[in-house]
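Visitor: based on what follows, work out the 3D shape:
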Amino acid sequence: MKDYQQKFDNFLKDNEAKRCRAMRKVNRERELTNKKQADLLALQEEMKSLVKERDKLMKRVKKNAIYPRFLDKVVQASPQFQEVRQLMSRYYTLKLMSEDLLQITQQNQESMEKSQAQLAHFTKQGNDTILQYNNTLSHLQSQLDEARAEGMIWESRWAHIQNTAAKKTLLLGTIKMATLNLYQSVCKRAKDTGDAPIAPEDTLKQLEKIQTFLSDLISMWEEVSRSRSLLPGASITDRMIWTQLTQKMENVFMIVFEQRWNVFSVARGAGRSGYAHFPLGQSGAGSCFKAPLESPSKAKQ
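Guide: Predicted coordinates:
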């Protein structure tokens, strides 16, 4: 009896265990079914989208079906290509080349725009520089015009100076010739003093010699005039004659002195710092002398 009871308990336990396992299996199957149902719904949605995509692609295929036929006709008409693949390869090559050329064109366009900007900047800078140079040129042109005007004034002055110098040179030559003739006359009439003869080109010493001679002559003449005027038998007419002769001698003396002053003045005006160079005689020899700064009026005093 105990054995049957033990077996019956074991049987109940086995049934309970099987029932539990069956319940767990049912739960798993139910969960799996639910999961599969969700997957099925997702797959159905995906299938619907794929069907739509398929329909869309079918329409596109039908729409683009003309292109393969067109490519076949191109291959048949062109001896350069044997297959459509070659034509597509050529197309892709040209497309890549076109993209490269487009990129190069864009780069060149950017470079050209940059160069144009630089050109505009340099052009503006060059125009500013040219304007500045034009202003400087205008200023320099005005200075040049002023310099030319001043140069014309100085040229006219130089021509006047040359004409004046030529006249003074001619006057000096005339004075020298007259002085030489007068000196030769004085030497003929003067007593032999034992002095060395003066060179023909030494006009100053000649004038000094003439001045000394005339001074001595005037002194002698004044003494003679004074002695003649004091004579008891001298008349008023004789005294007037002697006075006039004395005045004429003084006038001659002043003329010689003025000639000497003219020589000094011409020499001082023709040269620099009171010096001048004048040719004398046939040989072209000259004399250089310094004109003294005294006038005939001072010399008369």
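Visitor: for the protein, what spans make up the strands?
Guide: With strands called from DSSP state E, the chain shows them at 275-280, 285-290.
Visitor: which of those strands has the lowest average pLDDT?
Guide: If those are sorted by mean pLDDT, strand 285-290 sits at the bottom with a mean of 31.
Visitor: okay, domains of this protein per the record?
Guide: Domains of the chain are assigned by automatic domain parsing as 2-64, 158-300.
Visitor: and the residue most central in space within the chain, how far from I198?
Guide: The residue lying closest to the centre of the chain (C-alpha atoms, centre = their mean) is Y133, at 7.1 Å. In this view, Y133 and I198 are 68 Å apart by C-beta to C-beta, to the nearest Å. Just so you know, the C-beta spots here come from the backbone N, C-alpha and C atoms, and that holds for glycine as well.
Visitor: then S138?
Guide: 64 Å.
Visitor: and these two? Which one has more around it.
Guide: Legend: neighbour count by other C-beta atoms under 10 Å for S138 and I198, higher for I198 (17 against 10).
Visitor: and that one, how far is that from L182?
Guide: As judged by C-beta to C-beta, I198 and L182 stand 12 Å apart.
Visitor: need the overlap of contacts for those two.
Guide: Taking C-beta atoms under 8 Å, 6 or more residues apart in numbering as the criterion, I198 and L182 both touch Q206.
Visitor: can you give me the helices in this structure?
Guide: In the chain, helices defined by DSSP state H lie at 2-63, 66-77, 84-189, 203-229, 236-270, 296-300, listed in chain order.
Visitor: what mean pLDDT would you report for the first one?
Guide: It stands for helix 2-63. 86.
Visitor: now do it against helix 66-77, angle only.
Guide: 50 degrees (axes from the mean of the first three to the mean of the last three C-alpha atoms, to 10 degrees).
Visitor: so what's the gap between helix 2-63 and the chain middle?
Guide: Relative to its chain's centre, helix 2-63 lies at 101 Å (C-alpha atoms, centre = their mean, to the nearest Å).
Visitor: next one: the longest one
Guide: Chain-centre distance of helix 84-189: 8 Å, with C-alpha atoms, centre = their mean.
Visitor: that helix packs against which elements?
Guide: Helices and strands touching helix 84-189, by 3 or more C-beta pairs under 8 Å, 6 or more residues apart in numbering; DSSP states H and E, are helix 66-77, helix 203-229, helix 236-270, strand 275-280.
Visitor: what's the least confident stretch among those?
Guide: Note on the helices and strands packed on helix 84-189: strand 275-280 shows the lowest mean pLDDT, a mean of 34.
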